[in-house]
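# Got a predicted structure plus its sequence, pasted below:
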Amino acid sequence: MAERRATAAPVVAAGILLSRISGLVRQRVLAHFLGLTDAADAFAAAFRIPNFLQNLFGEGVLSASFIPVYARLESQGHRDEARRVAGAVAGLLAAVVAILVALGVTTAPWLAAGLAPGFTGAKRELVIQLVRIVFPGTGLLVFSAWCLGILNSHRRFLLSYAAPVAWNAAIVIAALLAPAGSGADRIVFWTAWGAVVGALLQLGIQLPAVRRLAGPVRLSLDTTGPSIGTVLRNFFPAFIGRGVVQISAFVDEIIASLLPTGALAALANAQMLYTLPVSLFGMSVAAAELPELAVDAGAGEDSEARLRQRVEAAMNQVAYFVVPSVVALAGLGHVIAAAVFQTGLFTRADSLYVWGILAGSAVGLLATTLGRVYASAWYALQDARTPLRFALVRVGLTTGLGYVAAVYGPDWAGIPARWGVAGLTASAGLAGWAEFVMLRRSLDHRIGATRLDPRYVVRLWLAALAAGGAAWAVLGTIGYRLPPVATALAVLLPYGMVYVAGTLALRVPLAVRWAGRILRK
């Protein structure tokens, strides 16, 4: 059991890494064909919906409500009751999916107006058509979230988090199969249909494993019984809470649609890079720990001590990777953006634009990832209402600060209006810090104080800043004469090596322990 717990987070991270790499490939292909055109903006707006619903149900609602109950029943040997809960959740989710698809197709014009109020004319019509195409596939993605819940509860993390590779691959293949000479407006239709096919593939590759692990599950609309009641009681606060968090991303895009052409597409590209460390080092640890936290929460008298120990260990692990990610995004974002996106219609000027947005995103990166650990602890305690309250505060701050920073900030600073999107991401980061502080204080009152050792954090920052200095020394030597990918390798490899060496030299416990394991093997 201990070995399985120790390796869970790396397995989750491996699955997420595969998914994110395929997502970066998808985004690079689309950047090549679409650049930062009107079609790219329309695509980013329309495809926010499947990402929204998948994150809402998969990463949020089912993680908060279904997984703790199902995992605890399985750990206690109540398999029949676990299957009954799984069948009821699947049946209710199927009903929700049917309603969502019907509403999405029929209300596409209103959705387009809400998603991108700054779009008009042909650009808005393109969003409407794309929304109508992708919604059936979105329904499949929502139902695949149920598969993720089953697989994660059984600690089968790799398949559940790597499954989106099929979705991204289908989109890439569809874009490449578009007839030669097709314009950007036509290519986005091919990618939209590719997304529908990819959603079907993503669901299909998970179902056989789900059946093997959970056994025969009978779909129902049963809402009786204490276990199902617990899921439903936590479902709606979690739904609203995660919905609020996802609405925060919608708010960013709505505000970005008010800025000049390319702002929304550039924001989508920056978010693809920014969410990589969030997913790899925040979501992976939080997802791997959630079933274990749920078990620890029911451990009796020593449950609070076990929860504190597990939360602090998870925070140490997250911080080790996220601190250098902050420095890399803020200091080397142009190198990263160029390596991933700079091809075809996507120029060096576009890479510098994305860098500015990434620097704003880096403000709240550490708070966002650590906040996921605290949220998982609350979900394990079967309390989804507390994170909801703080999520509401975060969205209010994001909306108010973001609008001012994006719309009025550039004029006050005397810079072009397009740079308002960087102020938008920075203000969202400040809101993320406010949410993190509230989550931590409330959990402290529940289970006792949980903290990162300040000396540990200082050593991480020293190593990361030294790595950043080394990377810029390399960049100053080689310049920008090499292709973007080669430049990134020449700069980022020394960056990573110096950071690891620095944490070892400073005797960071996590680095020393991992190095010892590698040497023993």
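Sure, I can see it.
# Could you pull out the buried residues of the longest helix seen in the chain?
Longest helix in the chain, counting residues (DSSP state H): helix 303-341. Using 16 or more other C-beta atoms under 10 Å as the test for burial, helix 303-341 gives 303, 306-308, 310-312, 314-341. (Each C-beta comes from the backbone N, C-alpha and C, glycine too.)
# now that helix: how far from the chain's centre is it?
Relative to its parent chain, helix 303-341 has a centroid offset of 13 Å by C-alpha atoms, centre = their mean, to the nearest Å.
# try stretch 416-426
Here stretch 416-426 is found 21 Å from its chain centre; the criterion is C-alpha atoms, centre = their mean.
# Next: stretch 346-353.
How far stretch 346-353 lies from its chain's middle: 24 Å, per C-alpha atoms, centre = their mean.
# go on, stretch 507-521?
Mean-position distance between stretch 507-521 and its chain equals 29 Å (C-alpha atoms, centre = their mean).
# Stretch 181-196 now?
For stretch 181-196, the separation from the chain centroid amounts to 25 Å (computed by C-alpha atoms, centre = their mean).
# buried set for it?
Across stretch 181-196, burial judged by 16+ other C-beta under 10 Å covers 184-185, 187-192, 194-196.
# Tell me which of those fall in helices.
184-185, 187-192, 194-196.
# pull the helix or strand with minimum mean pLDDT from the protein.
Of all helical and strand segments in the chain, the minimum by mean pLDDT, DSSP states H and E falls on helix 48-54, at a mean of 65.
# so who does Gly198 touch?
137, 166-171 (C-beta atoms under 8 Å, 6 or more residues apart in numbering).
# could the residues you listed go into JSON lines alongside secondary structure and distance to Leu452?
Converted to JSON lines, those look like this (DSSP: H, G, I helix; E, B strand; the rest coil; distance: C-beta to C-beta, whole Å):
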{"residue": "Gly137", "secondary structure": "helix", "distance to Leu452": "41"}
{"residue": "Ala166", "secondary structure": "helix", "distance to Leu452": "37"}
{"residue": "Trp167", "secondary structure": "helix", "distance to Leu452": "35"}
{"residue": "Asn168", "secondary structure": "helix", "distance to Leu452": "34"}
{"residue": "Ala169", "secondary structure": "helix", "distance to Leu452": "38"}
{"residue": "Ala170", "secondary structure": "helix", "distance to Leu452": "41"}
{"residue": "Ile171", "secondary structure": "helix", "distance to Leu452": "39"}
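# Farthest-apart pair in these, please.
For the contacts of Gly198, the maximum inter-member distance is 13.9 Å, found between Gly137 and Ala169 (C-beta to C-beta).
# Looking at the two, which is more packed in?
Between Gly137 and Ala169, counted using other C-beta atoms under 10 Å, Gly137 has the larger neighbour count: 25 against 18.
# For Gly183, grab phi and psi.
Dihedral angles of Gly183 (phi, psi; degrees, to the nearest 10) stand at phi -80, psi 170.
# residues near the closest residue to it other than its chain neighbours, how many?
Closest residue in space to Gly183, ignoring its immediate chain neighbours: Ala39 at 7.8 Å, by C-beta to C-beta, 6 or more residues apart in numbering. Counted by other C-beta under 10 Å, the residues lying close to Ala39 total 25.
# hang on, isn't Ala39 packed against Ala184?
Yes. At 3.7 Å, Ala39 counts as touching Ala184 under the criterion of C-beta atoms under 8 Å.
# and the residue nearest to Gly183, what element?
Element membership of Ala39 [criterion: DSSP states H and E] is helix 38-46.
# tell me the mean pLDDT for that helix?
Helix 38-46 shows a mean pLDDT of 81.
# Name the residues that touch it?
If you take C-beta under 8 Å, 6+ apart as the criterion, helix 38-46 is touched by 30-31, 34, 112, 115-116, 119, 122-123, 126-127, 130-131, 134, 183-185, 187-188, 191-192, 253, 257, 261-265, 267-268.
# List buried residues within these.
Among those, those classed as buried by 16+ other C-beta under 10 Å are 30-31, 34, 112, 115-116, 119, 123, 126-127, 130-131, 134, 184-185, 187-188, 191-192, 253, 257, 262-265, 267-268.
# Of these, which belong to helices?
Members of those lying in helices (criterion: DSSP H): 30-31, 34, 112, 115, 123, 126-127, 130-131, 134, 184-185, 187-188, 191-192, 253, 263-265, 267-268.
# follow-up on the earlier one: make TSV out of the contacts of Gly198 and add pLDDT.
Shown next, in TSV, are the contacts of Gly198 (pLDDT from 0 to 100):
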residue	pLDDT
Gly137	82
Ala166	91
Trp167	90
Asn168	91
Ala169	93
Ala170	94
Ile171	92
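# No more questions from me, cheers.
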